[in-house]
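Engineer: Coordinates for the following, if possible.
(2 chains)
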Amino acid sequence: MTHWIDIGRLDDIPVRGARVVKTGAGCVAVFRTGADEVFALDDRCPHKGGPLSEGIVHGRSVTCPLHNWVFAFESGEAQGTDEGRVATYAVRIESGRLLLDASRLATRSAA
Amino acid sequence: MTQRLVVIGAGMASGRALEELFKRAPDAYDVTLFGAEPRGNYNRIMLSPVLSGEKTYEEIVTHDAAWYADHGVTCRFGEPVTGIDRARKLVITEQGETPYDKLIMASGSTPFIIPIPGHDLPGVISYRDLDDTNVMIAVAEKPGAKAVVIGGGLLGLEAAAGLRLRGMDVTVVHLMGHLMERQLDEAAGYLLRKELVGRGIKVMCSSNSKEIYGDGRVEGLRLENGTELPCDLLVMAVGIRPNVALAKEAGLAVGRGIHIDDQCVTSDADILSVGECVEHDGATFGLVAPIFDMAKVLAATLACEDAAYRPKPVSTKLKVTGVDLFSAGDFAEGDDREDIVFRDPARGVYKRLVLRGDRILGAVMYGDTADGNWFFQHINDGTDVSEMRDTLIFGPAFQGGAPLDPMAAVAALPDEAEICGCNGICKGEIVEAIKDGATNLGAVRTVTKASGSCGTCTGLVEQVLAVTLGDAFVLPTAQPVCGCTDLTHEDVRRLIKSQELKSMQAVWQELGWKTTCGCHVCRPALNFYLLADWPLDYRDDPQSRFVNERNHANIQKDGTYSVVPRMWGGITTADELRAIADAADKYQVPTVKVTGGQRIDLLGVKKEDLPRIWADLGKAGLVSGHAYSKGLRTVKTCVGTDHCRFGTQDSTGLGIKLEQALWGSWTPHKVKLAVSGCPRNCAEATCKDVGIICVDSGYQVGVGGAAGMDLKETERLGDVATEQEAIDLTIAFVQLYREHAKYLDRPYKWVAKVGLDWVKAQVVEDANNRQALIDRFALSQSIYQKDPWAERANPDVQRAWSPLETVKLEAAE
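Structural biologist: As a prediction, this is how the structure comes out:
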């Protein structure tokens, strides 16, 4: 079951940038692409724990600021020869507001 | 028996619906047509050519009096409908009641007017009907009249282009970052903007309107940023709203538009609806193609035939003469989607196809749209394009054609075309040298000096070799910047200068980037090249910077940051040290360390604390030490003549002056300096990017040292007698490096590529050139020499750098 929660405005995130949402079980990075789409991923690179929210956003992907691993927004998969995956969460825009599906956040923290 | 059909709205939707109905069932209905405008149906989308003067109103009329008479339509134009009585099946106007058996609501839409102060002043209009068009034409007749158009969408740009053709001074103000963002991607938006600017239209994107001012009539528009745009006419073209008031009052189901089903029937079985007033399956409509589809379905429903409206991808063309622009389908980026991008910078052509698997999902084209409909057909048909994928982007005419020769451009250059700007060598001289036996790059360099100086034309010289020698010459594979382009850093720098490319979009388009918005490798490099070459025109893009330069602090492996305040020449005071100690206590800094560049490093500060710690340090007069930047880092000094018994000059004073001149400048890689007061070299100046050794007779300026991955002693740039000359040489050297080096090449690597002799010729031997370099550096510093900490030590930045939201997870508790 989805549980949409309002986390702010689309305009709070810079174009090709990100902001984080703090949860009891770590941060979620919410990205905005050049085409004004939004995606939410765990804000923690599986390689060395780098904050993905601080990476450079290009197309529908982000490059981790610590060691340049690249992750696709939709699958959360590391690109190229790197192997790893970060969890993704449903997020959508409604009338300029950002809605994040908190149901998976809950299962994640419970797990 | 003939039924009574009443139509509310005499626009394009109902016009097409009636045509379709009469085709299917010419005698089934007795039609009465109400229209608010005092005229019949005309082709509203052709108002733009009327505005620009390319067509007259008479030419765009689609249904004249004779047509209505022939089909027995009773016309009640200029008679607005005030109500509908669904129980008694009556339409009410001021003149009385008209009964219906079936009713069509085609009430269209109204332009959206932004409710900013002054929106109701005379001279503020929308762009919707013939009356608006006539007002615009009338104002344009005044010589020197100015217009502002709010809205850089389809309609706004057509209005702007038309008004410009009428001789007006036109400015377009657009809220979003690029024009027509709903139909175009950034690249096509860039080309469109370039075309409009070329026509003399001013375009201001990312601009928010604040208020319209004027005494009794519009006199101008004021933007959020305070800019004032005086005008005699203000056109608002920011969108439309379905006209639903009448339907709502009558109790029909209404959302954003009047709800209709696949048969165009509203919540009342006897009332149908079509056009911009409807909402079908959550969507509303503003383009003519889907509305005409809908009109067909509505006519079939009235003729008791089976039909259903199915949404299809739509295509858009801008109706501005001479602007070729086409967009269709869905062109957002995606993991499962692939782009085929074609750019022909010389012709100003951009084409992009978005594919998923073997199907085309969307197309954006600019400059050459001849194949637009062919692609659109394939989008609609869902054609499997795998067979023709390699040549798909070239359109139907090129299926199976030969690929273009990449050397053609160089081959086509005339003999007098200059290849090497530094040494003034033309193509003809290089070709001659090659024919005389210089068959590789080194030999050409020795004989002609071409590419022997700054080296940015190396690629061109190699291409001349390849063209002249044919198969006998094997092109060395130049290292491209990244996967987004085949060009090298040197090529890109040269082209940014020679083609005067002043924005990311300009580079991506004119240099044929293969991705839509670059990657983490090329974006920081381009951001630097653009701001270094065009300090006044280009605006720094924080989102194209590596995290440290975006956040003005060094990220550590645990995601915290280090903070290093500047200490000019390594000199500090007790007050500064107290402020640093207080900050370390207050923000619980776990580690305080002295750096190799004579600064104090506070390690382990949380991102959201950065603006606060900067504000505290700022109060003590401390500014950013730029310990995180590809820019001027530190000037290390010894105490010199102030205290040292061996000191020959005031090395500390010179170090402080150099640091005060150079701080804040962005460079291809970090730049570290040192000044030693005597040849004992306590400041270790001989392994710095610029290192100055003071001697009795003056100053020895060395450059290109290294003490990192490579170890290298500086080479002597020059010996000078005065402090000012030492400063001048240093600044000119740094500026030359900023203008020519590859991003992420430290000075020693760059000097090795271009040769110290060339650097000396530019900086030491040519006094005029030295001064020009110093002047350009000063210009750049006028923009960039600002303390980034002071600019960010405020609650707004603190908010922007804090978590967007903190979520409490009930399920986990």
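Engineer: Report back the residue of chain A that's furthest from centre.
Structural biologist: In chain A, the residue that sits farthest from the middle, by CA atoms, centre = their mean, is A:T81; the gap is 21.2 Å.
Engineer: any idea how far that residue is from B:W568?
Structural biologist: 46 Å (CB to CB, to the nearest Å). In short, each C-beta sits where N, CA and C put it, glycine included.
Engineer: hmm, back to that, measure the residue farthest from the centre of chain A to A:V70 for me?
Structural biologist: 11 Å.
Engineer: Worst mean pLDDT across the helices and strands of the chain, which element?
Structural biologist: No chain was given, so I picked chain A. helix A:103-110 (a mean of 64; mean pLDDT, DSSP states H and E).
Engineer: sorry, should have said chain B
Structural biologist: For chain B, judged by mean pLDDT, DSSP H and E, that is helix B:408-411, with a mean of 71.
Engineer: How far away from the center of its chain is the helix or strand just after that helix?
Structural biologist: Moving toward the C-terminus from helix B:408-411, the first helix or strand encountered (DSSP states H and E) is strand B:418-420. Centroid separation for strand B:418-420 versus its chain: 32 Å, with CA atoms, centre = their mean, to the nearest Å.
Engineer: in its sheet, what does the very next helix or strand once past strand B:418-420 sit against?
Structural biologist: Sequence-wise, the next helix or strand downstream of strand B:418-420 (DSSP H and E) is strand B:425-426. Strand B:425-426 sits in its sheet next to strand B:418-420 (antiparallel), going by DSSP bridges.
Engineer: Can you list the neighbours in contact with the partner strand?
Structural biologist: B:424-427, B:430, B:448-453, B:457, B:460-461, B:464 (CB atoms under 8 Å, 6 or more residues apart in numbering or on different chains).
Engineer: what comes up buried for it?
Structural biologist: Of all the residues in strand B:418-420, those buried under the rule 16 or more other CB atoms under 10 Å in any protein chain shown are B:I419, B:C420.
Engineer: before we move on, the earlier item: now the contacts of strand B:418-420: which count as buried?
Structural biologist: Listed as buried from those are B:425-427, B:430, B:448, B:450-453, B:457, B:460-461, B:464; burial here means 16+ other CB under 10 Å.
Engineer: nearest to B:G705, of those residues?
Structural biologist: Nearest to B:G705 among those is B:S453, at 22.1 Å by CB to CB.
Engineer: So chain B: which segments form each domain?
Structural biologist: Chain B breaks down into these domains under automatic domain parsing: B:3-108+B:242-302, B:124-238, B:324-398, B:408-543, B:547-624, B:640-786.
Engineer: closest to A:H3 out of those?
Structural biologist: The minimum distance between A:H3 and the domains of chain B falls on domain B:3-108+B:242-302, with 22.5 Å, by CB to CB.
Engineer: Just the terminal-to-terminal distance for that closest one.
Structural biologist: Start-to-end span of domain B:3-108+B:242-302 (CA to CA, to the nearest Å) is 11 Å.
Engineer: what do you get for stretch B:247-257?
Structural biologist: Distance across stretch B:247-257, first residue to last, is 9 Å (CA to CA).
Engineer: now that stretch, how far from the chain's geometric center?
Structural biologist: Distance, centroid of stretch B:247-257 to centroid of chain: 40 Å (CA atoms, centre = their mean).
Engineer: cool, stretch B:431-440 as well?
Structural biologist: Stretch B:431-440 has its C-alpha centroid displaced from the chain centroid by 44 Å (CA atoms, centre = their mean).
Engineer: and that stretch, which residues are buried?
Structural biologist: Applying a neighbour-count criterion of 16+ other CB under 10 Å, one finds B:V431, B:A433, B:I434, B:A438, B:T439 buried in stretch B:431-440.
Engineer: Pull the most distant pair out of those.
Structural biologist: Greatest spatial distance among the buried residues of stretch B:431-440 (CB to CB): B:V431 and B:T439, at 12.0 Å.
Engineer: Dig out what residue 42 forms beta bridges with.
Structural biologist: Using chain A here. A:V28.
Engineer: To clarify, I was referring to chain B.
Structural biologist: B:V61.
Engineer: about what we covered before: now do the SS call for the residue farthest from the centre of chain A.
Structural biologist: coil (DSSP: H, G, I helix; E, B strand; the rest coil).
Engineer: Can you name the residue of the stretch 601-750 of chain B nearest to chain A?
Structural biologist: Nearest residue of the stretch 601-750 of chain B to chain A: B:K607, at 8.2 Å (CB to the nearest CB).
Engineer: could you measure that residue against A:P14, distance?
Structural biologist: From B:K607 across to A:P14, the span is 15 Å (CB to CB).
Engineer: So between those two, which is more surrounded?
Structural biologist: For the pair B:K607 and A:P14, the greater number of neighbours falls to B:K607 (21 against 15), based on other CB atoms under 10 Å in any protein chain shown.
Engineer: Could you measure from that one over to B:R550?
Structural biologist: 11 Å.
Engineer: same check, this time on A:D43
Structural biologist: For A:D43 relative to B:R550 (CB to CB), the value is 16 Å.
Engineer: quick one: which of those two has more around it?
Structural biologist: A:D43 (26 against 19).
Engineer: What is the neighbour count of the residue nearest to A:E54 when sequence neighbours are not counted?
Structural biologist: In space, A:E54 comes closest to B:V547 once its chain neighbours are excluded; the distance is 4.1 Å by CB to CB, 6 or more residues apart in numbering or on different chains. B:V547: 23 surrounding residues under other CB under 10 Å.
Engineer: dump the residue contacts of B:V547.
Structural biologist: A:E54, A:G55, A:P65, B:I555.
Engineer: surely the second one meets B:H520?
Structural biologist: Yes - judged on CB atoms under 8 Å, A:G55 makes contact with B:H520 at a distance of 7.2 Å.
Engineer: which of those two has more neighbours?
Structural biologist: Using other CB under 10 Å, the more surrounded residue of A:G55 and B:H520 is A:G55, with 27 against 20.
Engineer: Can you tell me the closest non-neighbouring residue to the more buried one?
Structural biologist: A:V62 (4.3 Å).
Engineer: where's the one you found, which helix or strand?
Structural biologist: Assigned by DSSP H and E, A:V62 falls in strand A:61-63.
Engineer: what's that strand packed up against?
Structural biologist: With contacts taken as 3 or more CB pairs under 8 Å, 6 or more residues apart in numbering or on different chains; DSSP states H and E, strand A:61-63 sits against strand A:70-72.
Engineer: what does the strand it packs on contact?
Structural biologist: A:41, A:45, A:52, A:60-64, A:77-80, A:82, A:86, B:335, B:520.
Engineer: now stretch B:55-75: mean pLDDT?
Structural biologist: Stretch B:55-75 carries an average pLDDT of 87.
Engineer: from the middle of its chain, how far away would stretch B:524-544 be?
Structural biologist: 13 Å.
Engineer: ok, is it in contact with chain A or not?
Structural biologist: Yes - using CB under 8 Å from any CB of the partner chain, stretch B:524-544 comes into contact with chain A via B:P524, B:P542, B:Q543, B:S544.
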